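# Got a predicted structure here, sequence first:
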Amino acid sequence: QVQLVESGGGLVQAGGSLRLSCAASGRTFSTYVMGWFRQAPGKEREFVAAISWSGSKTYYADSVKGRFTISRVNAKNTVYLQMNRLKPEDTAVYYCAAAHTVVVPSSLSEYDVWGQGTQVTVSS
């Protein structure tokens, strides 16, 4: 089973960009679907983006489509979330997650392994 560690969060002004990274331990990273989720204060954790084993298929929440890009480099055991044109409503703790499935799920319950999260704060 992989272990996940996120990095790259921080404080940015509205309209700015950040790139989150999620480093995975273990030899089986390439067999996991990877996802990014976020949780704002007082709100439930929500799906942001996901990517298939090979990276050929990506999925996004409507709220981030066209602004965020998920990618992965299996040789580096790393998945990324490039976030552009950030908005104050993107402020949240962002979590990386791994799912050992064939399809690419957007449901939290389908993901087996979670990172500790990284804070993203977007000021207006």
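Good, I have the coordinates.

# Leaving out sequence neighbours, find the closest residue to the most centrally placed residue in the chain.
For the chain, the residue sitting closest to the mean C-alpha position, by C-alpha atoms, centre = their mean, is residue 36 at 2.3 Å. Distances taken as C-beta to C-beta, 6 or more residues apart in numbering put residue 48 closest to residue 36, at 4.3 Å, once the chain neighbours are dropped. To be clear about C-beta, it is placed using only N, CA and C from the backbone, and glycine gets the same treatment.

# now residue 59
Nearest residue to residue 59 in three dimensions, chain neighbours excluded: residue 50, at 4.9 Å (C-beta to C-beta, 6+ apart).

# Surely the residue nearest to residue 36 and residue 81 touch.
Yes. Applying C-beta atoms under 8 Å, one finds residue 48 in contact with residue 81, separated by 7.1 Å.

# joint contacts of those two?
36, 68, 94 (C-beta atoms under 8 Å, 6 or more residues apart in numbering).

# Let me have those residues in JSON lines, adding secondary structure and pLDDT as columns.
Listed next are those as JSON lines, based on DSSP: H, G, I helix; E, B strand; the rest coil; pLDDT from 0 to 100:
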{"residue": "36", "secondary structure": "strand", "pLDDT": "98"}
{"residue": "68", "secondary structure": "strand", "pLDDT": "98"}
{"residue": "94", "secondary structure": "strand", "pLDDT": "98"}
